[in-house]
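Colleague: got a sequence here, can you model it:
(chains A and B)
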Amino acid sequence: MTDAPRFQAAPAQPLIRLELWSGLAETSARFAAAFGAALPGAGQAITTSGLRVIWREPGAWMIRVETDPAQTILDRLVEIAGADGAVTDISGAAARCVLVGTDWRVLLTHGGVFDAENPAFAPGCVAGTVIEHMAVRFDVIAETRVDAYVAPSYAADLFAYWTSVAGNLDVRG
Amino acid sequence: MTSARLPAGGLIDRTRTIAFTFDGQLYEGHPGDTLASALLANGIGLLGRSFKYHRPRGILAAGVEEPSALVGVGVEGRFEPNTRATDLFLYDGLVAESQNRWPSLAFDAGAVLGAFSRFIPAGFYYKAFLGKPGLWKVYEHFIRHAAGLGKPPVAADPDRFDHRAAFCDVLVVGAGPAGLAAALAASAAGARVILAEQDSRLGGGLLRDAAQIDGADAVDWIAGAQSTLAGRGVRILTRTTAVGYWDHDLVTLSEKVTEPGQAPAADAPAQRLWRVRAGRVILATGAIERPLPFADNDRPGVMLAQAVRTYIHRYGVTPGRRAVIAACNDDAYRTAFALAEVGCEIAAVLDSRPPSDSSIVKAAQDRFPVRFNAQVTRAIGGAGGLTGAEARTETGAIKLACDLIAVSGGFSPVAHLHMQAGGTLAWDETSGAFAPDVARQNQSTTGSAAGLDDLAEILAEGWAAGGAAAHGLGKPMPKGGPPQAAETYPGPSNSVAALAPPPGTDLKHTFVDFQNDVTLADVDLAWQEGYRSVEHLKRYTTLGMATDQGKTSNIIGLARLAAREGRPVPEVGLTTFRPPYTPVTLGALAGHGTGFHSAPLRRPALYDLHAARKPIWQPVGYWSRPRAYPLAGEDLHAASMREARAVREAVGWIDVSTLGKFEIAGPDAAAFLERVCTTTVAKLAVGRGRYTFMLREDGMVMDDGTVWRIGTDRYLLTSSTGGADRMAHHLAYVRQILAPQLKVAIANVQEHWAGIAVAGPRAKALVAQVTGLTDMPRHMSVARGRIAGVPVLILAASYSGERAFEIYAAGQEIAPVWTAIDAAGHALGGHPYGIEALEFLRIEKGHVVVGGEIDGRTTPQDLGLHRMLNPARPFVGAPALQRPALVAETGRQQLVGLESEGSIPEGSMLVRHAPGEPEGHVTAASPRVLEDGSVALALLRDGRTRMGETLTAWSPTRGVSAKVRVVEPVFYDPEGARYRD
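Modeller: Numbering: from 1, shown residues only, chains lettered A, B, ... in the order given. Just a heads-up that it's a prediction; the model follows:
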């Protein structure tokens, strides 16, 4: 028997992109001072002060605002970035799907080329890959939960694909 | 054929029976049987007819190398032709049918071709079908009818096929003794291991021959090893064949979740294609026994010696009652003992070698008539089976009565994957075989695939390979040592090359490639006609080009060519092994990519609102966009024309959410954009925008769009829908590679902003009404406002040629904006419009589009855009624009307009007179929206100097043409008065 992963679309939350062209260490320190934790490093994500801060690419993060009004956070981030970077509201640019269950790793090996079964891909890790032609970004929240971000235009097809696969998941090995 | 199930033995479940049909006749077998073993058990030895001569064919092998026993299996959409009966495990309700026969297998009218075989040798079709070209249509009808093996399914496959990725430290391909030992060692060292086995159970050759390993019977040892591996977390994949070895140690595995023709369990896939990325790959793929070349060696009843043992020991079936063993090695003697154990009479063992003192040969001499330096020269029999064999011995020709000839012509290591991985092969003259030599990737070969044939040695080498692979990845060497084997007759097989036919053999009936009916005479003929390269030989004779890819035939054919050339085999060479190793169904390759779309469907944020109007959809890349919204009784053309007229005369609105959109921010944003865009950007005032386009580094136009200054250090750049992903990559390239020093940030906001374009003479009124704005932005200006309470960004830009506004809102908030515009627009006499009407409008306006006029080969000069180029020329592609070929005065295809009284065939070529030399082509055509006649955009050689010329737009493939007049490419409001207040 398998613990087939369950998944559901998460309600839309504000998304902000922070991108730096200089002063990474200083900006990270300012961020830590404001929100309680430094900007996560490559391939990492953190939750702090009502924010889920997800590394996207060198010098860029996607920040999901879970509590405070987005404009407040956006304004604070603009201050933090200062002359070292820019902040852009990208709300709605990615749909979030929450996958729950022990076998989410198995599910994510279908239709793609990503080593989701690697134990090193642990909570706090993020990675981007392609599943069935769709660019997807994973944010491991716990051993039994991963958040998947996908462009909203792809979301319906991705969920349909996962639904068909999860119905009979092969978890050998 | 007198074969039958043995009263006991075998690895089949005799407590259960399985019903199946073959050619409509009901039979029974047992779980664990293949179709081949079950048919043998039922006394069926004739399974099909050959491809060309319709010769009766039986079962040669017991595995995937089988060239003869091909059947169609399944029904309707699950029907699968050319399935090897030896690689098809029985299941309840299996329906199989023989191939290539009419009206029946026993009486096949096509067998008459055999009588004419001398007239249809290799390559006959290159010589026979000559004459006037028109005759080819006559020939083709018959050739098409006669060609092909098996028939395709007539319905769509109803099943699901999976694609899956896997990663591991060590991938072991093959679970025979070497593979099992390798997996045990690698997993003992702590490596993450995948073990792939094409059979339904592990064991490989251990399922064929009795042996003791670590003090246990081989079958029990296999079970223990499997349990140990599973306990260590090794992923064991049975019915899974490694079919392709690609760069960087990527191996594709084809897994049969169900057997061919079998319905899968609910929600389960029928097959699964694995893409495995491995740190190290161990190929333990075994060896394939070769047949021997003698006359009528393809008759039912001629079987590989190891296959005979497999049927006896694994399936509990004896393929004959009186057998001749024809061999060139010690291994075949095991077959004599195996047959004798189950009561089969051994008529003779004919060993092509001189007398040997190996233990098994001596033991055989005590029990069977063994003749050395002896060879079978002809099999005697037909569709009903064998009656005897003719042989050449030291004392002369003899004739032996038999119903089975067990042959062993030596062994070919399965080096296919090694070669696919770029590895080289080495020729062993003694055994007459190529074996893996130098590996080019992180891969090693072990066991029989490496040329080994002693079980103890195979186990030891397999263990060593597994340990070394794990150690190479930083794991410790495994504790313990390799499994220890004990056999009655240990030692190597002492195989010698037996690739040449006995002297005087009837070469016309000595088959090399059983599946394509290629004989030694065909090889000789090809050589005589000058096909001296092995690659030419292969293609002229079709040797090795059938579904078995020559697994049993290549070496014999190659040796014949080498003999005719008088050169050693390695000098003649070997054809290249390419994926797949065994046939892969198209369903497995397609995976989920079936149905209307072979790719995902991208739905814009307004998809549901559009769907409610039941539009005609148009795929645009992965996107699905409304092409038109037909009203009752309208077809596409009528709906599109109505929508386009609405834009020209009143107002229309269209979903433009799919456009590429990027926010560029930072103090160097303008400098960055002037690298990307060919037009000036820095001079734009805040709140203003302009048309722009981008070049590739070779100077060709890549995309176009608009750029807007929406803040002091912030710009919005739009690009085409189809080019959005390409533009995202281009921006990243410029940012990271060409201009890393710039202080700029780039955010892809394609789906953050959903958009609606409102166009037409009443557009301004509509937007003013829904926003409440009194001061509407002038053309190419920006405003902000609210529609239905939703914050919107308003860009005054026109693509249609009318006064127009692009209204953007956050994707999740766009629906009420559309609804408000839709309601107000209808009240103003307007309609929503789709991309068909949009196309009409932009063609009239002479706007170029990516994929049409921007086709990757056009420069700004070609498209008449050169006057917009930034004179400072800091942009990507600027240096390339100085190349002489791009600035030549003549010879380039240039954008022009075309006019005609009738319709202009889109995509047609432009000629002076049809038929004639093409001088250009029509890139897009449209009816005039408000007048009669048609217009088109075209690329025409030296087009700008040819205004007023009359040409023919000619499409020979569609059989249509139209007289057209070359004009300027702007047909509507060339002064641009309509989109300015």
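Colleague: residues making contact with stretch B:547-556?
Modeller: Outside of stretch B:547-556, the residues within contact range by C-beta atoms under 8 Å, 6 or more residues apart in numbering or on different chains are B:60-61, B:64-67, B:70, B:82, B:149, B:288-291, B:293, B:304, B:409, B:412, B:432-434, B:499, B:512-515, B:518, B:543-544, B:557, B:569, B:574-575, B:577, B:581, B:583. Yep, even glycine has a C-beta here, placed from its N, CA and C like the rest.
Colleague: next, count neighbours for residue 124.
Modeller: Reading this off chain A. The number of residues packed near A:G124 is 15, by other C-beta atoms under 10 Å in any protein chain shown.
Colleague: hm, I was asking about chain B
Modeller: As a measure of burial, B:F124 has 14 neighbours, counting by other C-beta under 10 Å.
Colleague: and the gap between it and B:R118?
Modeller: 10 Å (C-beta to C-beta, to the nearest Å).
Colleague: let me see the contact set for B:V64.
Modeller: B:V64 neighbours (C-beta under 8 Å, 6+ apart): B:84, B:86-87, B:198, B:241, B:551, B:582.
Colleague: so what's it scoring on pLDDT?
Modeller: Confidence at B:V64, expressed as pLDDT, is 97.
Colleague: check A:M1 too.
Modeller: Looking at A:M1, the pLDDT reads 45.
Colleague: same check on B:F596?
Modeller: pLDDT, read off for B:F596, is 55.
Colleague: so where's the chain uncertain?
Modeller: No chain was given, so I picked chain A. Scanning chain A for pLDDT under 70 picks out the ranges A:1-3, A:171-173.
Colleague: could you do chain B instead?
Modeller: B:1-3, B:596-597.
Colleague: ramachandran coordinates for the residue nearest the centre of it?
Modeller: Nearest to the mean C-alpha position of chain B, by C-alpha atoms, centre = their mean, lies B:L589 at 5.5 Å. Reported as degrees, to the nearest 10, the phi and psi values for B:L589 are phi -70, psi -40.
Colleague: for stretch A:134-154, list the C-alpha coordinates in CSV.
Modeller: The C-alpha coordinates for stretch A:134-154 follow below in CSV (Å, rounded to 0.1, in the frame of the first residue of the first chain):
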residue,chain,number,x,y,z
MET,A,134,6.0,22.6,-17.2
ALA,A,135,8.5,24.6,-15.2
VAL,A,136,7.9,23.8,-11.5
ARG,A,137,9.7,25.0,-8.4
PHE,A,138,9.6,22.9,-5.2
ASP,A,139,9.9,24.1,-1.6
VAL,A,140,10.3,21.3,0.9
ILE,A,141,8.4,22.2,4.0
ALA,A,142,8.6,18.9,5.8
GLU,A,143,9.2,15.2,5.1
THR,A,144,5.5,14.9,4.5
ARG,A,145,4.9,18.2,2.7
VAL,A,146,6.3,20.0,-0.3
ASP,A,147,5.0,23.2,-1.9
ALA,A,148,5.1,23.3,-5.7
TYR,A,149,5.0,26.6,-7.6
VAL,A,150,4.0,26.7,-11.2
ALA,A,151,2.8,29.4,-13.6
PRO,A,152,-1.0,29.7,-13.1
SER,A,153,-1.6,28.9,-16.8
TYR,A,154,-0.1,25.5,-16.3
